[in-house]
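Enquirer: Okay, predicted coordinates and the sequence, questions at the end:
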Amino acid sequence: MKPALLALSVVLLACPGEGKPPTPPPVAPVVAPPPPAQPPKPVVTDITAEDYPMPRLPRAKVTLVGAAGKKLPIDSEVAVTRDSRTRGLMWRYTLAEGTGMLFIFSREQPLSFWMRNTLIPLDMLFIDAKGTIVSIVENAEPRTLSSRPSTGPATYVLEVPGGYCAKNGVKAGSSVTFEGISNLVAED
């Protein structure tokens, strides 16, 4: 009996975990495949497109003279490049009181503006090289291609919220001063 008992012991030692279910092999974690690569977004080159990435513009202070000689400071973005003048205030939904955009041209000349892709009414003040308002177009209708010319040559155009000039008594012939534009050179 000794040999049989010895054989049984060897069999039991050779089969550890006898009577227990076998341990399954380790399972590798499921890794989701990476998402497909997205094609790069096309670069927007149309300056008039809503999603054109317009660079930050320089700023200046423009002071108008209103009714009874009241000084009216306008915190202005300044458009001196062809692209920034073309873009102007397109796709803006608001323009706060006391703010505007000053367009600077390289020389005094007849100027005309439109309202393509401009969403808000604007007053346009055409200003000559001496700082005198030549003419004003009030409440220019948004989203139009109608030409809005100055009545005389101008070097600057200031756009402010529609109705600003009437509300503050700003008239053609009034003087304008500029701060912060002496180092800016307008493109032709």
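Expert: Great, that's in hand. Numbering: from 1, shown residues only.
Enquirer: When you work out contacts or count neighbours from here on, use the C-alpha atoms and nothing else.
Expert: Will do.
Enquirer: where's the residue nearest to Asp123 when sequence neighbours are not counted relative to Thr23, distance?
Expert: With sequence-adjacent residues excluded and distances taken as C-alpha to C-alpha, 6 or more residues apart in numbering, Asp123 is closest to Glu138, at 4.4 Å. Per C-alpha to C-alpha, to the nearest Å, Glu138 is found 85 Å from Thr23.
Enquirer: if we can go back for a sec, what strands line up against the helix or strand hosting the residue nearest to Asp123, and which way round?
Expert: Secondary structure from DSSP states H and E places Glu138 in strand 133-140. Strands that pair with strand 133-140, judged by DSSP bridges, come out as strand 122-127 (antiparallel).
Enquirer: Tell me how confident the model is about the partner strand, as a mean pLDDT.
Expert: Mean pLDDT, strand 122-127: 98.
Enquirer: do stretch 171-180 as well
Expert: Average pLDDT, stretch 171-180: 97.
Enquirer: Just want the angle from the longest strand seen in the chain to strand 122-127.
Expert: Using DSSP state E, we find that the single longest strand of the chain is strand 99-109. Here strand 99-109 runs at an angle of 40 degrees relative to strand 122-127 (axes from the mean of the first three to the mean of the last three C-alpha atoms, to 10 degrees).
Enquirer: got the buried residues for strand 99-109?
Expert: 99-105, 108 (16 or more other C-alpha atoms under 10 Å).
Enquirer: And the residues you listed, which is closest to Pro35?
Expert: Closest approach to Pro35 among these (C-alpha to C-alpha): Met101, at 44.4 Å.
Enquirer: Now do the contacts for that closest one.
Expert: By C-alpha atoms under 8 Å, 6 or more residues apart in numbering, the residues touching Met101 are 76-79, 88-89, 158-160.
Enquirer: try Thr94
Expert: By C-alpha under 8 Å, 6+ apart, Thr94 lies in contact with Ile120.
Enquirer: Just the element for it, please.
Expert: Going by DSSP H and E, Thr94 is not in any helix or strand.
Enquirer: any idea which helix or strand comes after the strand holding Glu138?
Expert: strand 148-149.
Enquirer: quick one, helices of this protein?
Expert: Secondary structure of the chain by DSSP state H: the helices cover 2-14, 82-87, 164-168.
Enquirer: Show me where this structure dips below the pLDDT cut-off.
Expert: Along the chain, the model assigns pLDDT under 70 to residues 1-19.
Enquirer: Val170 versus the nearest residue to Leu119 once chain neighbours are set aside, what's the distance?
Expert: Spatial nearest neighbour of Leu119, excluding adjacent residues (C-alpha to C-alpha, 6+ apart): Pro142 at 5.3 Å. Here the criterion is C-alpha to C-alpha. By it, Pro142 lies 21 Å from Val170.
Enquirer: Is Thr99 bridged to anything, and to what?
Expert: Applying DSSP bridges to Thr99 gives these bridge partners: Asp75.
Enquirer: Need the residue closest to the centroid of this structure.
Expert: Residue closest to the mean C-alpha point of the chain, counted by C-alpha atoms, centre = their mean, is Met54 at 5.5 Å.
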